[in-house]
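Chemist: let me see the structure of the following:
(2 chains)
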Number of protein chains: 2
Amino acid sequence: PDGLPPGGEGRKQHLHYTDPQHWGLIRIMYYEFTSKPCLLYSPQAADLVIELSQTHKAKPDLTNLVFGTVFSDHMLTIEWTSNGGWQKPHIKPFGNLSLHPACSAMHYAVQLFEGMKAYRDADDKVRLFRPMLNMNRMANSAERACLPAFDRAELVECIRRLVQVDLEWVPKSDSASLYIRPTFLGTEPSLGVKKPSRALLYVILSPVGSYFSTGAKPVSLWADSKYIRAWRGGTGDCKMGGNYGASIYAQYEAVDYGCQQVLWLYGDDHQITEVGTMNMFLFWNNENGEEELATPPLDGIILPGITRQSILELTRKWGEFKVCERYLTMADLRCALKEGRVKEMFGSGTACVVSPVGRILYQGENLHIPCQDDFPQLASRLMKELTDIQVRYTLLVTDINSMSIPHWFNVIEFNQCVVSETRVTEVDCTLTSSRAIKLEPFRRRSWLRSCPVGGHVCLRSSG
Amino acid sequence: PDGLPPGGEGRKQHLHYTDPQHWGLIRIMYYEFTSKPCLLYSPQAADLVIELSQTHKAKPDLTNLVFGTVFSDHMLTIEWTSNGGWQKPHIKPFGNLSLHPACSAMHYAVQLFEGMKAYRDADDKVRLFRPMLNMNRMANSAERACLPAFDRAELVECIRRLVQVDLEWVPKSDSASLYIRPTFLGTEPSLGVKKPSRALLYVILSPVGSYFSTGAKPVSLWADSKYIRAWRGGTGDCKMGGNYGASIYAQYEAVDYGCQQVLWLYGDDHQITEVGTMNMFLFWNNENGEEELATPPLDGIILPGITRQSILELTRKWGEFKVCERYLTMADLRCALKEGRVKEMFGSGTACVVSPVGRILYQGENLHIPCQDDFPQLASRLMKELTDIQVRYTLLVTDINSMSIPHWFNVIEFNQCVVSETRVTEVDCTLTSSRAIKLEPFRRRSWLRSCPVGGHVCLRSSG
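Modeler: Okay, the predicted model is just below:
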């Protein structure tokens, strides 16, 4: 019994046991016992309380829009308490939050966020791109931040409903979209450093154009080991606020050095990890002369980007060159540049999709990265392909048993009709499992919600 | 001009120049030019707007008080904008904050805090303990978090006024005090990861007893390198929220292992760094047989604790044993324990003062630390000495020129009379500088505000 944490409900138990005789059983029992309430009290989209705004803000001019400065008319809020579990989700007019001054999100950064986008396609339908991947990452961040578990599919459904309420805010433009910002705060109203007894999950929407004010021009990077973004045993693989606030100082020092972003290094061998708030890709001929697209592996210090994962899956499907998650050092890069083996380098992220790198300032030397016509070949192709998936391709699934699901159809398609007129049934199934398919009859039309290759897929059917 | 950051006013320039020809001059010019506005717009205690609460909450029973759960009737708030600078400080009824949902403190942990205490002494006067050290650390944290600079002496004065308004909330008890929590948030209302254009500094007060619910019993620690609190190039030497939120998960894992706190390790050699949210001290006979009080050096990953510094200064003044800031590894500790060279081990912090360590679980082995009668000799002596300084000793300074200032008189003495009846003049001077002493005539009585040995001292005189 002394092994039971007082408030550690539902924490995943992937500990290495130093003393299996004594601890093993207790921990497993505890997990089995306490992991369930979190799911029982999960937010339920069916309980949504919607209060529509009486006023409607003017939509902004998209051409000179600064990222994340304008917000839509509504927001989603869901409260949680350790005693009462998840409360009913609310969609209500966008407005300030009223928070206790001792709120743990503001003192101890018990906080996390996600970034995703709603796109308007050529048929005027609105889509999300692989939202369950965001939900999975959000759940991982929540676990690390000691925030409560939630039902990921229900949260996507709540977000879908929010976007539907503010559907007019999804820009009718190829180069713009509606940025969706789920945020999750510990709202414990006391000063002890502990797991919060209260939490607030909310989602705000912001119409956005390009993330960088310079547009899609290649960025310049300052590479220095003076500041380290994340480290093993830390939180670099979670989207927790602390990773970002700590980076701003370095960002301004990069500007001091005439660069736009920081190229984050790690370790004595100056491993390349991330670029500003993006994942990093190097397209080159590697040490063995192989054409290779490389990005650092998810070893705990790298944020598992949705765009990163999609680029890896997409290029692996192409099968045109080697695709590799591997360590890359500044020495590797400098050597490859000298020998003319570097083809392209770019960052990836939800906000920018892909962003080519043009120059790196490292140890007083400017390393110039090949960058034909501002937007190099592979970066351009990925940008086009990803954008096409996000806003152009559609898939109608008629026969679940015979369908072969291409991994790039990972979109939610929003029906433009009123939600209550759509009968929605859902099933969580593994593509390789026949049991799950039997759970629900599928009719007329199904939409794919999320489909990581070989993983889980959520299918939605409206009859 | 491309070297000038757009919003980096007042950042300290302690960069190592990789390209002095090009960058050196620009940076110095920029610092000289932009560091001043911050001070001009500093919060001024003389501008304080005080709105008293119409209701008074009941004071809590101090015996079973959980740390940081009860707050006084008033709070201090000061707003800042990049255009308007610091606004007038407000003392107003304690209540919720109204914050924009995109507030950068909640998304990117642009936030920091301080922890200090007001003590009621035997003469019923109320004191702070070395508050300027908290202000200095807060200013360092603010710089690292890209929050604006502020006038430290003015902020202490604002805090003094707040405590004076809620003077009845300072417990009349030897074992309790009024915990003061200055908090500083970026309130930028947009989602770009950047220096905030708005900020909110606020201070709340909470009457507290002992930090640990178990009282002053020796704590048990879980030492494992699975989680790392802070790392070089990070923010471990600043009191930024991100350091704390990231630690909670490990704290619950320590509880899983039957321990109360985490002993934070660093590096492949498992250096001992901190204990939970405290600095760490080892009192032992070192490798050379010398009696030594050792604590890890301030190398960037250690929080520069006020209690830590005070313990170092105090024990160095005693001159009874070697006092050393040095690296200590788990191998050092284990070896010393085997050879019977360890006398005591304890954590230090504002909340607990000193907290003895009784047991460390490391690599499956329980290391038992000597701990006679629950509270070992040196820890007891330091607890008594520090508490005496905090609540018992008084110093009247009559002649600034001849006085020898013992370093432990670092208290503010609050006059119980109404503020407006007290004429206050202040001077910032270095003890070794005669110029500063001539700045102001001193009359009747002076109070020491803060006095690090050989550093700066603020003297206050009321005529």
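
Chemist: report pLDDT for the spatially most central residue of chain A.
Modeler: In chain A, the centroid-proximal residue (Cα atoms, centre = their mean) is A:Asn134; its distance is 4.2 Å. The model reports A:Asn134 with a pLDDT of 92.

Chemist: got the phi/psi numbers for it?
Modeler: Torsion angles at A:Asn134 (phi, psi; degrees, to the nearest 10) stand at phi -60, psi -40.

Chemist: that one and A:Pro182 touch, don't they?
Modeler: Yes. Judged on Cβ atoms under 8 Å, A:Asn134 makes contact with A:Pro182 at a distance of 7.4 Å. To be clear about C-beta, it is placed using only N, CA and C from the backbone, and glycine gets the same treatment.

Chemist: what residues do these two have in common as contacts?
Modeler: A:114, A:116 (Cβ atoms under 8 Å, 6 or more residues apart in numbering or on different chains).

Chemist: show me which residues of the stretch 351-463 of chain A are close to chain B?
Modeler: A:361, A:363-364 (Cβ under 8 Å from any Cβ of the partner chain).

Chemist: burial measure for whichever residue of the stretch 351-463 of chain A sits closest to chain B, as a count.
Modeler: Going by Cβ to the nearest Cβ, chain B is nearest to A:Gly364 of the stretch 351-463 of chain A, at 3.9 Å. Using other Cβ atoms under 10 Å in any protein chain shown, A:Gly364 has 12 neighbouring residues.

Chemist: quick check: bridge partners of A:Tyr266?
Modeler: Listed by DSSP bridges, the beta-bridge partners for A:Tyr266 are A:Gln271.

Chemist: which non-adjacent residue is nearest A:Arg198?
Modeler: Using Cβ to Cβ, 6 or more residues apart in numbering or on different chains and skipping residues adjacent in sequence, the residue nearest A:Arg198 is A:Thr187, 4.3 Å away.

Chemist: so who does the residue nearest to the centre of chain A touch?
Modeler: A:Asn134 touches A:114-116, A:182, A:306, counting by Cβ under 8 Å, 6+ apart.

Chemist: taking those, tell me the two that lie furthest apart.
Modeler: In these, the most distant members under the criterion Cβ to Cβ are A:Pro182 and A:Ile306, with 13.0 Å between them.

Chemist: common neighbours of these two, please.
Modeler: Common neighbours of A:Pro182 and A:Ile306 (criterion: Cβ under 8 Å, 6+ apart): A:116, A:134.

Chemist: for the residue of the stretch 351-463 of chain A closest to chain B, report the pLDDT, please.
Modeler: In this model, A:Gly364 is scored at 96, pLDDT.

Chemist: against A:Trp222, how distant is it?
Modeler: Taken as Cβ to Cβ, to the nearest Å, the spacing of A:Gly364 relative to A:Trp222 amounts to 11 Å.

Chemist: now A:Trp231
Modeler: From A:Trp231 to A:Trp222 the distance is 19 Å (Cβ to Cβ).

Chemist: equivalent analysis for A:Leu263, please.
Modeler: Counting by Cβ to Cβ, the gap from A:Leu263 to A:Trp222 is 7 Å.

Chemist: need the contact list for the closest residue in space to A:Ser53 that isn't next to it in sequence.
Modeler: Leaving aside its sequence neighbours, A:Ser53 sits nearest to A:Pro93 (Cβ to Cβ, 6+ apart; 3.8 Å). Contact analysis of A:Pro93 by Cβ under 8 Å, 6+ apart lists A:51-55, A:73-75.

Chemist: for A:Pro93, what are phi and psi?
Modeler: According to degrees, to the nearest 10, A:Pro93 has phi -60, psi 140.

Chemist: okay, it: pLDDT?
Modeler: At A:Pro93, the predicted lDDT confidence score is 98.

Chemist: which residues does it bridge with?
Modeler: Bridge pairing for A:Pro93 - DSSP bridges - gives A:His74.

Chemist: before we move on, the earlier item: A:Trp231 and A:Trp222: which has the busier surroundings?
Modeler: A:Trp222 (24 against 20).

Chemist: which strands and helices sit next to the host helix or strand of the more buried one?
Modeler: Assessed by DSSP states H and E, A:Trp222 sits inside strand A:219-224. Counting contacts by 3 or more Cβ pairs under 8 Å, 6 or more residues apart in numbering or on different chains; DSSP states H and E, strand A:219-224 packs against helix A:248-256, strand A:261-266, strand A:271-275, strand A:353-362.

Chemist: and the next helix or strand past it?
Modeler: Downstream of strand A:219-224, the next assigned helix or strand under DSSP H and E is helix A:241-245.
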